[in-house]
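In: Need a 3D model of the sequence below.
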Amino acid sequence: MIFPRPCPGCERSLFAHEKVICQVCQLQLPFVTIGQKEDSLLVQRLAGRVRLETGVAMLRFYKGGLSRKLLHAIKYKGHRELAVALGRLFGERLKEKDLLPAGGILVPVPLHPLKQQIRGFNQSEEIAKGIGEVTGHPVVTSALSRTVFHLSQTQKGREDRWEEIKQDFQALSSQVKGRDIILVDDVCTTGATIEACANTLLEQGAKSISLLTLAVAGDNYQ
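Out: Residues are numbered from 1 along each chain as shown. Predicted structure coming up:
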């Protein structure tokens, strides 16, 4: 009563057995059907820009939707444990389908060090930790870094984003050469960030690129 724990999805106080999200919101999560036609839209969005071995999203992301509220709670309200919990849930759904390369490494899309210092953590890294706990794939945070700081890009289109971030990332050849890379991001909107990351990794000798994004935005997913 003194220190209530509100659900980040609906603001209702959580019961003792509810860890980070209430059961009602968990039942209402807007899942993408993994392994079916709906899921392939993520690969199609990046077609001609990035050759993905596998591209999987867990949730649909749209204005006013539950997944948007949850991601905003993670990024702007410090709900770090929610990112890990959703990552575990994602990992459980992935494990059922056996879609990931056995020897692949999970590489979270990095934040610039200044932005990570301000936020306190990298949400993609926390999601990757949750996925790795379930699937057994190691999380390698040193493989990819972001060297340029930008203000928010949420209101920019694909071309504007691409022009701004295409030289932002650096990959360590010693970490990625000959490896199957599984990029992990929080949400895919235009795909410009994924494109920049994937190209940088491939330039440094990555064997293949797969993509896991907690949520994917777009009319096709509503």
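
In: Check which element follows the top helix by length along the chain along the chain.
Out: Determined from DSSP state H, the single longest helix within the chain is helix 80-97. Sequence order places strand 105-108 as the next helix or strand after helix 80-97, per DSSP states H and E.

In: what's next to the helix or strand just after that following strand, contact-wise?
Out: Sequence-wise, the next helix or strand downstream of strand 105-108 (DSSP H and E) is helix 113-119. For helix 113-119, contacts defined as Cβ atoms under 8 Å, 6 or more residues apart in numbering pick out 75, 78, 110-111, 122, 146, 149. All C-beta atoms are positioned from the backbone trio N, CA, C, and that covers glycine.

In: Now the element after the helix or strand bottoming out on mean pLDDT in the chain, going C-ward?
Out: The least trusted helix or strand in the chain, going by mean pLDDT, DSSP states H and E, turns out to be helix 158-165, with a mean of 61. Following helix 158-165 in sequence order, the next helix or strand is strand 169-171 (DSSP H and E).

In: Show residues contacting that next one.
Out: 110, 143-147, 196-197, 200-201, 203-204, 206.

In: I figured residue 182 hits residue 102, correct?
Out: No: Residue 182 is beyond contact range of residue 102, at 11.1 Å (criterion: Cβ atoms under 8 Å).

In: So between these two, which is more surrounded?
Out: A side-by-side neighbour count of residue 182 and residue 102, using other Cβ atoms under 10 Å, places residue 182 first with 29 against 9.

In: distance of the more buried one from residue 52?
Out: 10 Å (Cβ to Cβ, to the nearest Å).

In: try residue 91
Out: Distance from residue 91 to residue 52, by Cβ to Cβ: 19 Å.

In: Give me the more crowded residue out of those two.
Out: Ranked by neighbour count (other Cβ under 10 Å), residue 91 and residue 52 place residue 91 first, with 25 against 19.

In: Skipping its backbone neighbours, what lies nearest that one in space?
Out: residue 134 (2.9 Å; Cβ to Cβ, 6 or more residues apart in numbering).

In: Test my guess that that neighbour contacts residue 96.
Out: No: look at residue 134 against residue 96 with Cβ under 8 Å: they stay out of range, at 10.4 Å.

In: who's more crowded, those two?
Out: Neighbours of residue 134 and residue 96, each counted by other Cβ under 10 Å, are more numerous for residue 134; the result is 16 against 10.

In: by contact count, what packs against the helix or strand encompassing that one?
Out: Applying DSSP H and E as the criterion places residue 134 in helix 123-135. Applying 3 or more Cβ pairs under 8 Å, 6 or more residues apart in numbering; DSSP states H and E, one finds that helix 123-135 contacts helix 66-77, helix 80-97, strand 105-108, strand 180-188.

In: Cool, thanks, signing off.
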